[in-house]
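>>> the following block contains a protein sequence and its predicted model.
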Amino acid sequence: MARSADTGAAGRARRAGVVDNGGMRLEPRILMQLSGVLHLRDGKFFASCFGHRVPDDLLAAVTVHGAATNKATAGFASPSRSQASMPVEIEHWDDEPPADGDWDTVLRTQLCVDTSGSIEWFSPSTEEPGGPGDVVEFPVARGWYEVEAAARHAGDGADTWRIRMWSSDEYGPDLKEIGEIALLAR
């Protein structure tokens, strides 16, 4: 009887965050890390490589669910809506990272990165339609990513966030379709 790739010992090791590489067991590792500060508006922040306009339906979904995506843009909402500046660590992993530490909020979604080679993290402007606040740029390769945003709440307006990204095993719409979604959002 044939087994799928995620069954048996190999599948358990992969789900536990350990990769079997021809007899060597490798743990996932960080490929790139960046620290920055996002200036929040209404406690929401987004990632996209297709520009800074966030469609109204995505804004609403982020408000209701805490995290949402239209595949071209991923968004997150901080429970601390009054926080104006948010320290953030952004990490790109070579595989799904292991769970670590106690986090008060953990949100996950997916994001497509086109050929631009970078993701821009931003908070949409309320004063100037479609314009972002300060942008934190993070270089990554083209492809599909799982995105996890985790927060430690240290009182009103003092949260710290860690964002971890890794390649997704799942495939969504093709990149042409994602480009069309992004154009509709502009």
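Great, that's in hand. Residues are numbered from 1 along each chain as shown.

>>> most centrally placed residue in this protein?
residue 147 (3.0 Å; CA atoms, centre = their mean).

>>> wait, it sits on residue 163?
Yes. Between residue 147 and residue 163 there is a contact under CB atoms under 8 Å: 6.7 Å. C-betas here are computed from N, CA, C, even on glycine.

>>> show me what contacts the closest residue to residue 152 other than its chain neighbours?
Nearest residue to residue 152 in three dimensions, chain neighbours excluded: residue 160, at 5.3 Å (CB to CB, 6 or more residues apart in numbering). Residue 160 makes contacts with 86-89, 151-152, 154, as judged by CB atoms under 8 Å, 6 or more residues apart in numbering.

>>> let me have those residues in TSV, extended by pLDDT, neighbour count and distance to residue 105.
Shown next, in TSV, are those (pLDDT from 0 to 100; neighbours: other CB atoms under 10 Å; distance: CB to CB, whole Å):
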residue	pLDDT	neighbour count	distance to residue 105
86	84	21	12
87	87	14	15
88	90	20	13
89	93	14	15
151	90	22	4
152	88	14	8
154	75	11	12
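
>>> with secondary structure and distance to residue 108 added, can I get those residues in TSV?
Formatted as TSV, the contacts of residue 160 follow (DSSP: H, G, I helix; E, B strand; the rest coil; distance: CB to CB, whole Å):
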residue	secondary structure	distance to residue 108
86	strand	18
87	strand	20
88	strand	16
89	strand	16
151	strand	13
152	strand	17
154	coil	22
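
>>> my guess is residue 73 contacts residue 44. True?
No. The criterion here is CB under 8 Å, and residue 73 misses it with residue 44 at 11.4 Å.

>>> higher neighbour count, those two?
residue 73 (29 against 20; other CB atoms under 10 Å).

>>> may I have the beta-bridge partners of the nearest residue to the more buried one once chain neighbours are set aside?
Closest residue to residue 73 apart from its sequence neighbours, by CB to CB, 6+ apart: residue 48 at 4.0 Å. When bridges are called by DSSP bridges, residue 48 pairs up with residue 73, residue 120.

>>> around residue 48, how many other residues sit close by?
Neighbour tally, residue 48, other CB under 10 Å: 27.

>>> distance check, it against residue 69.
As for residue 48, its distance to residue 69 is 10 Å (criterion: CB to CB, to the nearest Å).

>>> any residues in contact with both of those two?
residue 111.

>>> re earlier: gap between the residue nearest to residue 73 and residue 56?
For residue 48, the distance to residue 56 equals 15 Å [CB to CB].

>>> helices of this structure, start to end?
8-15, 56-65, 175-185 (DSSP state H).

>>> least reliable of the ones you listed going by mean pLDDT?
Looking at those, the lowest mean pLDDT belongs to helix 8-15 (a mean of 43).
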